[in-house]
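>>> give me the fold of what follows.
(one chain, ligands or ions: 1)
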Amino acid sequence: MGKAISLEGVEKSFGAVSALRNIALGVDEGELFGLIGADGAGKTTLIRILCTLLVADHGKAEVLGLDPVKEYRSIRSRIGYMPGTFSLYEDLSVEENLRFFATVFNTTVEENYELIRDIYSQLEPFRTRRAGKLSGGMKQKLALCCALVHRPDLLLLDEPTTGVDAVSRREFWEMLQRLRTQGITIVVSTPYMDEASLCDRVAFLQEGSLLAIDTPEGVTALFTAPLFAVRAREKHRLLRELRGFEHALSAYAFGSSVHYADRRAIASAGEIKAHLQSRGLQDVMVEPVRPGIEDTFMALMKQGRGEGDD
Ligand SMILES: Nc1ncnc2c1ncn2[C@@H]1O[C@H](COP(=O)(O)OP(=O)(O)OP(=O)(O)O)[C@@H](O)[C@H]1O
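Below is the predicted model of the structure:
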């Protein structure tokens, strides 16, 4: 299988800020690839380099086998890009926006209708409505249609689900899964760690550095410490006590419980419970849990900040 994207030693700085440091990654054709990272991690910078809107300071980049500097025109005609902020014409209707993007790419909505039919059918009832008057979820769907209308080989989506409600978020990912089966390579950035598990592979970025790149299962396998879900009546105190426990590797709030990782190879729930009770905590419950992708990201972030097990 060919590579849709290949980066080696890519660097980008803005003044004193290193937005990307020594990035090496490859994305296979047909992959659904996630770029996961918090605000400021470098996701937007990376996507802008891939869609030829920014030039890297150093390193080698290839997009669809082409050079983003010398062959930016060819790349632009073969990619679909959805920026993080709403970029459509708010004064044009749904239908007019779509026709506009089709015309810019020398095609027609009819020519590639099959590709967008699923998504566009949900927008059809609002086709004469101005884009600016659509709900957040509907705006995202229209932006996706506009990015797809010329049947790109590579789709670059910058935080498409940020600020979108949970139902629209799920629907959006279902759309991406369907698009992948149509042979389109998709790179999608997100600050939501739970979305990582929906990708074929993910790259995890922190402060411009790549901390891990693997399948969701591969990332999860990096977490090897004994892990427990712990509850008690006073959650804040529980967190403090767990962090202060002499064997603690880490403890962080996780939904309604606290996930506690122990730095020893083997640790027992009974011992941790007894310790917390001896510290005066009430209604303590401790049970072993399997690490998920979010646990691994939390651990990688901690190591990335130099707070790893020392
Ligand atoms: N044009 C610019 N001028 C100066 N600094 C910039 C510029 N663009 C990005 N940065 C800085 O580079 C770093 C990476 O930013 P980037 O936008 O790529 O991160 P991100 O992961 O996309 O996060 P966000 O969700 O906030 O967009 C940040 O520290 C940001 O402030």
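>>> the ligand contacts on the protein?
Phe14, Val17, Ala19, Gly37, Asp39, Gly40, Ala41, Gly42, Lys43, Thr44, Thr45 (CB under 6 Å from any ligand atom). (Each C-beta comes from the backbone N, C-alpha and C, glycine too.)
>>> which members of these are the farthest-apart pair?
Phe14 and Gly37 (16.5 Å; CB to CB).
>>> how about Gly163, nearest residue that isn't a chain neighbour?
Gly136 (6.5 Å; CB to CB, 6 or more residues apart in numbering).
>>> how many residues are close by the one you found?
Applying other CB atoms under 10 Å, we find 13 residues neighbouring Gly136.
>>> helices of the stretch 201-310 of the chain, start to end?
216-221, 235-244, 269-278, 293-304 (DSSP state H, counting those that start in this stretch).
>>> okay if I get those as TSV plus mean neighbour count, mean pLDDT and distance to Tyr89?
Output for these, formatted as TSV (neighbours: other CB atoms under 10 Å; pLDDT from 0 to 100; distance: least, CB to CB, whole Å):
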stretch	mean neighbour count	mean pLDDT	distance to Tyr89
helix 216-221	16	93	37
helix 235-244	16	95	47
helix 269-278	15	96	57
helix 293-304	20	86	37
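>>> thinking again about what came up before, please flag which of the residues of the chain next to the ligand sit within strands.
Phe14, Val17, Ala19 (DSSP state E).
>>> can I get these in CSV including distance to Cys51?
Shown next, in CSV, are those (distance: CB to CB, whole Å):
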residue, distance to Cys51
Phe14, 18
Val17, 21
Ala19, 15
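>>> among those residues, the buried ones, what's the PyMOL command?
In PyMOL, this line selects whichever of these come out buried by 16 or more other CB atoms under 10 Å:
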select buried, resi 19
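>>> out of the helices of the stretch 201-310 of the chain, nearest to Met175?
helix 216-221 (19.2 Å).
>>> need the contact partners of that closest one.
Helix 216-221 has contacts (CB atoms under 8 Å, 6 or more residues apart in numbering) with 196-197, 199, 201-202, 204, 212, 291-293, 295-297.
>>> what's the closest of those residues to Ile186?
Nearest to Ile186 among the contacts of helix 216-221, with distances taken as CB to CB, is Cys199, at 8.7 Å.
>>> contacting residues for that closest one?
Cys199 touches Leu32, Phe33, Gly34, Val188, Pro216, counting by CB under 8 Å, 6+ apart.
>>> name the element the fourth one belongs to?
Yep, that's Val188 we're talking about. Using DSSP states H and E, Val188 maps to strand 185-190.
>>> gap between that strand and the chain center?
In this view, strand 185-190 has its centroid 7 Å away from the chain centroid, taken as CA atoms, centre = their mean, to the nearest Å.
>>> next one: stretch 263-278
So, by CA atoms, centre = their mean, the centroid of stretch 263-278 is 34 Å from its chain's centroid.
>>> also stretch 262-279?
34 Å.
>>> so which residues make contact with it?
225-228, 230, 232, 238, 241-242, 245, 247-249, 260, 284-288, 309.
>>> tell me the span between the first and last residue of it.
Start-to-end span of stretch 262-279 (CA to CA, to the nearest Å) is 18 Å.
>>> same deal with stretch 268-287?
9 Å.
>>> also stretch 281-294?
Taking CA to CA, stretch 281-294 runs 27 Å from one end to the other.
>>> can you give me the buried ones in it?
Leu281, Val284, Val286, Pro291, Gly292, Ile293, Glu294.
>>> enumerate every residue touching Gln282.
Per CB under 8 Å, 6+ apart, neighbours of Gln282: Ala232, Arg233, Glu234.
>>> swap in Tyr120?
By CB under 8 Å, 6+ apart, the neighbours of Tyr120 are Leu98, Tyr113, Cys145.
>>> can you pull the pLDDT of it?
Each residue has a pLDDT score; the one for Tyr120 is 89.
>>> again, but for Met1
Confidence score, pLDDT, at Met1: 69.
>>> same check, this time on Gly308
For Gly308, the predicted pLDDT is 51.
>>> again, but for Thr161
89.
>>> circling back: by neighbours, which of the contacts of Gln282 wins?
Ala232 (22 neighbours).
>>> wait, doesn't that residue sit right on Leu238?
Yes: using CB atoms under 8 Å, Ala232 is in contact with Leu238, at 4.2 Å.
>>> any common contacting residues for the two?
With CB under 8 Å, 6+ apart as the test, Ala232 and Leu238 both reach Leu276, Leu281, Val284.
>>> that older thread, can you pull the contacts of the residue nearest to Gly163?
Gly163, Val164, Asp165, Ser168.
>>> just the buried residues from the residues you listed, in ChimeraX please.
In ChimeraX syntax, the buried subset of those is picked out as below (16+ other CB under 10 Å):
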select :164,168
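>>> of the contacts of Gly136, which is the nearest to Leu64?
Val164 (28.3 Å).
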